[in-house]
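[1] Have a look; sequence and predicted model below, questions after that.
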Amino acid sequence: MSAYEENESKFMRKAKENPFVPVGMAGFFAIVGYRLLKLKSRGDTKMSVHLIHMRVAAQGFVVGAMTAGVLYTMYRDYIVKPREQENAVEHK
């Protein structure tokens, strides 16, 4: 396999393990892209303030996606898996 195929499969493997990583990345780029397009119509707002608001919004989305991913992983590891193990023991 070439290095490109290895990187692609590694990204896909990581995305399957935690689906909120690609969601966070997509949201980050969407917010940054939207705010950059809105840059021309910022009105009287200073450039630095506009960029700070853009950064805070993008980081907030990423932190929210990471938090959702951690909660999903905890739910899967501590609620779903123990139930599956209990059911497997009962059926034996």
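    That came in fine, so what should we check first?

[2] Could you point out the longest helix of this structure?
    Assignment by DSSP state H gives helix 47-75 as the longest helix of the chain.

[3] Can you name the secondary structure element that comes next after it?
    Per DSSP states H and E, helix 47-75 leads on to helix 81-90 as the next helix or strand towards the C-terminus.

[4] Give me the nearest residue to the residue nearest the centre of the chain, chain neighbours excluded.
    Residue closest to the mean C-alpha point of the chain, counted by Cα atoms, centre = their mean, is Gly24 at 2.5 Å. Take Gly24 and drop its neighbours on the chain: the residue closest to it by Cβ to Cβ, 6 or more residues apart in numbering is Ala65, 3.3 Å away. All C-beta atoms are positioned from the backbone trio N, CA, C, and that covers glycine.

[5] before we move on, what about Met25?
    Here the residue nearest Met25, using Cβ to Cβ, 6+ apart, is Val62, at 7.9 Å.

[6] pLDDT below threshold where in the protein?
    Counting by pLDDT under 70, the chain has low-confidence residues at 1-8, 91-92.

[7] could you redo the last one with a cut-off of 80?
    1-11, 14-18, 82, 84-92 (pLDDT under 80).

[8] thinking again about what came up before, I'd assumed Gly27 was in contact with the residue nearest to Met25.
    Yes: at 7.0 Å, Val62 counts as touching Gly27 under the criterion of Cβ atoms under 8 Å.

[9] what about the residue nearest to Met25, distance to Gln85?
    Distance of Val62 to Gln85, given as Cβ to Cβ, to the nearest Å: 33 Å.

[10] coming back round to it: tell me the contacts of the residue nearest to Gly24?
    20-21, 23-24, 27 (Cβ atoms under 8 Å, 6 or more residues apart in numbering).

[11] buried subset of those residues?
    20-21, 23-24, 27 (16 or more other Cβ atoms under 10 Å).

[12] could I get those residues as CSV with distance to Lys38?
    Converted to CSV, the buried ones among the contacts of Ala65 look like this (distance: Cβ to Cβ, whole Å):
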residue, distance to Lys38
Phe20, 26
Val21, 26
Val23, 22
Gly24, 21
Gly27, 16
